[in-house]
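A.B. asks: Just a sequence and a predicted model for now, questions to come.
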Amino acid sequence: MRTYLIAFIGFLFVNFAYSQTGELCKAENLCCNHLSAPIGIDDPNPRLSWMLNDTRNGAKQTSYQIIVGTDSAAVAGGKGNVWDSGNLQSDAIMATYAGQALKPFTRYFWKVNIRDKDQVQSSSPVSSFETGMMDIKNWQGAWISDRHDLNYKPAPYFRKEFKTDKNIKSARAYIAVGGLYELYINGEKIGNHRLDPMFTRFDRRNLYVTYDVTAQLQNGNNAIGVLLGNGWYNHQSIGVWNFHNAPWRNRPAFCLDLKVTYSDGSVETISTGLDWRVSSGPVIFNSIYTAEHYDARLEDDGWNKPSFDDSKWGRVIYRSVPSDVISAQQLHPIRNVETIPAKTVKKMDDSTYLFDFGRNIAGVTKIKVSGDEGTIVKIKHGERLYDNGYIDMTNIDVYYRGDREADPFQTDILILSGKKEDEFMARFNYKGFRYAEVISSKPLNLDINSLTAYFMHSDVPAVGEIKTSDPLIDRLWQATNNAYLSNLMGYPTDCPQREKNGWTGDGHFAIETALYNFDGITVYEKWLADHRDEQQPNGVLPDIIPTGGWGYGTDNGLDWTSTIAVIPWEIYMFYGDSRLLADCYESIKRYVDYVDRTNPGHLTTWGRGDWVPVKSRSNKELTSSVYFYVDTKILAQAAGLFNKPDDYNYYSELAEKIKEAINAKFLDRSAGIYAGGTQTELSVALHWGVVPDDLVQKVADNLAGKVKEAGFHLDVGVLGAKALLNALSRNGHIETAYKVAVQDKYPSWGWWIVNGATTLLENWDLQAKRDISDNHMMFGEIGGWFFKGLGGLYPDPKQPGFKHIILQPNFIKGLNRFEAKRKSPYGMIVSKWEIKGKNIVYNIEIPANSTATLYLPDYIKGEKTMRLTSGKHSLKLQFGK
């Protein structure tokens, strides 16, 4: 047996960052509920986590001690008056707070002491978290609105003045809204969030947001201004999804407490009540679904500043609380993350300009323009152009049923003031577009700088990266991420233009791609809370979440609404954090029990099937039943994790019965074929573990044969797109999987890219007449597969969160360089290789406190399995025959 050199890089050295303390191992990246120093949390038992910075090979933590207190200096000195966990012999990097009951409106400081592999102790920097309301009873403000009904179009502007005479130590604003808002203090917009608060099932749960506004207050006179938008709360535009008939629909309303703490220890709360004033203003219409209209002639300068004359403003009214649950919004917010200047501008005629931003995004545009008073400027946004160069909306406005003259789809309207250069950007809307067409009622002079685009999405940190020697792979990975971010607005959506719906299937088909590339746990924790809010008592879920009632039909079944099980499980795999799985446990159980109760034979047709296939149609009873098995298996595993032996035994047995029923009906054992033998039918059975062990290779060989017959093209819809590459690469057919992944002829992912796509599409066929959004995530598994199929990065279910990493790389002749990086809860993982002839240099990085097992493929000479400790490793490998 040939041996090869394992060179260990990253010898002991002292990082300059530790030069003052001399520490080789230090805890850093302290987080509370996966956020850095959050304020306004409502969780009585938050999760506290950290990461080790230790570059030595074999670095690990042997014990930890968490100290929590209300005095930062005392905590820094090692004393906590709230919780001291004691020194625990553990390598865990997350712990649930277990100290004294947390009080509302309190800032807590914490740090962690750790001991490294040599029992040397070090201390982290001091971090903090701050509680918010903790209980709905702690609100002092009233819910208020203006006196208009839900059909009134102009947005309401609210204001209140107050005076502070003492020295201010700190100030926090807590605001809960039915609808959307912008908050101002003394003329300054607070924060850079967009579309707050996040969309929820408003009659069951509302979110509030907390801001530190200490810097915005001043001694003497102060003013608070609040502008409300409709959002999903008051859906005035009409679409087929029925949000205009949502049971919660009402005129926007809000509740605010501004809590000011003075240096003498006294606290004053300025709250919403009948002493507030309200008026309309320049936002004359806003719709989350279509666009926003703004009349610059109605601007009221200084409305959100002290000493403004509001004598002509009206009185507010009280409103009832929209729901019984007002909870803290604790997730990465939506922001204008990226500024995108126009690539080109073309003057179509005297009153029309066409701007091309060079890529498809979700977001808004900002226009700067001067012209005669009353000039109407329309900014139309779209993904495609007609042959004559004007915007073609036909692929995205098909489900719009509103007034196309008064409320044109994806078309902002600005009425110029005539007094200055007017500037406008939609506050309460976003769109999906590459192009913007500016049409004016009078000729205007515009140039390439007149219109700027902003890529807008939940600002989740990037944690993954793919870099290769093949530009197609790199562009495909980037397009996948662009599509994912375009469809992340506090919940995952299907598309940012035509629907903006939280389609459940799209969400779980893309969950691994999401988590390999982005730190999205806070968004998914919020979205799964939406699932629990929507679930009917019998266990049924709608296939869009949140929903105003649409989606409880006949097809909202397992292949779509398995989000309730699949996403919590994947979060547990990627983070090693079981909180979401525990929160969803009873919901998963009700869901599985419903399917079991209504399908006594353990097979079901409940679902949508393999949506948007190329040509082959797959058996829906097979695919839906496979997802029934998947959900039941997850439930059994969760029961084992949470020490529920009765549930574990029951659902483990049920899962086996489902598998047996699937194989009894659909598996031809002699042929190694499921149902009709489509790519989807074979790959779904393989990927989700339904195939009997003794037939896995036979079925996989048949799948590879089907793909070869198709010229290494895929012939699948969404279910097959999730399963196909994994089923091939995990079962001895990596070359076939790779050929499909990098195929650039129709039908394929690459076909989109070579035809200019910068996001993923909804249909394989570029000439299709329906299902033709150009920014869709339902075929997004390809972005995650690069990490798995080529980089070989997998979490270990027995030690999740990449505590133990399973490395199963595949080295592809013809792909000379490949690198996958993924920042796990423990730190950066790197799987990087370069091929020169028959030789391969394979570089690996394993973060501190983690280990890995490397499994090399059979076509590599020498040993096939290796245990790796943390640190950098360089392997020199060779291809076999």
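C.D. replies: Arrived safely, thanks for sending. From a predicted model like this one, the values you see are computed outputs, not experimental measurements. Numbering: from 1, shown residues only.

A.B. asks: Which SSE is immediately downstream of the particular helix or strand that has Lys346 in it?
C.D. replies: Using DSSP states H and E, Lys346 sits in strand 344-349. Per DSSP H and E, the first helix or strand lying C-terminal to strand 344-349 is strand 352-369.

A.B. asks: Show me which positions of that next one end up buried.
C.D. replies: The neighbour-count check on strand 352-369 (16 or more other C-beta atoms under 10 Å) flags 352-355, 357, 359-367, 369 as buried. Backbone N, C-alpha and C define where each C-beta goes, glycine included.

A.B. asks: for stretch 219-228, same thing?
C.D. replies: So, applying 16+ other C-beta under 10 Å, buried residues of stretch 219-228: Asn222, Ala223, Ile224, Gly225, Val226, Leu227, Leu228.

A.B. asks: quick one: it to chain centroid distance?
C.D. replies: Centre-to-centre, stretch 219-228 and its host chain are 33 Å apart (C-alpha atoms, centre = their mean, to the nearest Å).

A.B. asks: model confidence over it, on average?
C.D. replies: Average pLDDT, stretch 219-228: 98.

A.B. asks: circling back to that earlier point, could you dump the buried residues of stretch 219-228 to JSON lines with secondary structure and distance to Pro600?
C.D. replies: Formatted as JSON lines, these follow (DSSP: H, G, I helix; E, B strand; the rest coil; distance: C-beta to C-beta, whole Å):
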{"residue": "Asn222", "secondary structure": "strand", "distance to Pro600": "66"}
{"residue": "Ala223", "secondary structure": "strand", "distance to Pro600": "65"}
{"residue": "Ile224", "secondary structure": "strand", "distance to Pro600": "60"}
{"residue": "Gly225", "secondary structure": "strand", "distance to Pro600": "60"}
{"residue": "Val226", "secondary structure": "strand", "distance to Pro600": "55"}
{"residue": "Leu227", "secondary structure": "strand", "distance to Pro600": "55"}
{"residue": "Leu228", "secondary structure": "strand", "distance to Pro600": "51"}
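
A.B. asks: Most widely separated two among these?
C.D. replies: Farthest pair in those (C-beta to C-beta) is Asn222 and Leu228. Separation: 20.3 Å.

A.B. asks: quick revisit: out of the buried residues of stretch 219-228, who's nearest Phe424?
C.D. replies: Leu227 (14.1 Å).

A.B. asks: got a list of what the nearest residue in space to the closest one that is not next to it in sequence touches?
C.D. replies: Counting by C-beta to C-beta, 6 or more residues apart in numbering, Leu227 lies nearest to Glu182, which is 4.6 Å off, once chain neighbours are set aside. Glu182 is in contact with Lys189, Val226, Leu227, Gly229, Arg427, counting by C-beta atoms under 8 Å, 6 or more residues apart in numbering.

A.B. asks: partner residues bridging the first one?
C.D. replies: Looking back up the chat, that one is Lys189. Tyr184 (DSSP bridges).

A.B. asks: can you check the third one too?
C.D. replies: Note on Leu227: beta-bridge partners by DSSP bridges are Tyr157, Glu182.

A.B. asks: wait, doesn't it sit right on Pro154?
C.D. replies: No - in this structure, Leu227 is not within contact of Pro154 by C-beta atoms under 8 Å, at 11.0 Å.

A.B. asks: Quick check: neighbours shared by those two?
C.D. replies: The contact lists of Leu227 and Pro154 share Gly281, Val283, where a contact means C-beta under 8 Å, 6+ apart.

A.B. asks: hmm, back to that, so what touches the strand holding Lys346?
C.D. replies: Taking C-beta under 8 Å, 6+ apart as the rule, strand 344-349 contacts 353-356, 358, 389-390, 437, 446-448, 450-451.

A.B. asks: Kindly recompute the last result at 7 Å.
C.D. replies: Outside strand 344-349, the residues within contact range by C-beta atoms under 7 Å, 6 or more residues apart in numbering are Tyr353, Leu354, Phe355, Asp356, Gly389, Tyr390, Leu446, Asp447, Ile448.

A.B. asks: From these, pick the one nearest Asp412.
C.D. replies: Of the contacts of strand 344-349, the one sitting nearest to Asp412 (C-beta to C-beta) turns out to be Phe355, at 12.9 Å.

A.B. asks: hey, which helix or strand in this structure has the poorest pLDDT?
C.D. replies: Ranked by mean pLDDT, DSSP states H and E, the weakest helix or strand in the chain is strand 6-9, scoring a mean of 33.

A.B. asks: and after it, which helix or strand comes next?
C.D. replies: strand 26-32.

A.B. asks: Which neighbouring elements make contact with that next one?
C.D. replies: Strand 26-32 sits against strand 47-53, with contacts defined as 3 or more C-beta pairs under 7 Å, 6 or more residues apart in numbering; DSSP states H and E.

A.B. asks: cutoff 8 Å now
C.D. replies: Under the contact definition 3 or more C-beta pairs under 8 Å, 6 or more residues apart in numbering; DSSP states H and E, strand 26-32 sits against strand 47-53, strand 107-115, strand 121-123, strand 127-131.

A.B. asks: Report the mean confidence score over the longest one.
C.D. replies: Meaning strand 107-115. For strand 107-115, mean pLDDT is 98.

A.B. asks: residue contacts, Val707?
C.D. replies: Contact partners of Val707, counting by C-beta under 8 Å, 6+ apart, are Gln679, His713, Leu714, Leu724, Leu728, Thr736, Lys739, Val740.

A.B. asks: do that again at 6 Å, thanks
C.D. replies: Shown in contact with Val707 (C-beta atoms under 6 Å, 6 or more residues apart in numbering): Thr736.

A.B. asks: from now on call the first residue 58
C.D. replies: Happy to do that; since the first residue is 58 now, the last one works out to Val764.

A.B. asks: Can you report how many residues lie near Asp634?
C.D. replies: Using other C-beta atoms under 10 Å, Asp634 has 21 neighbouring residues.
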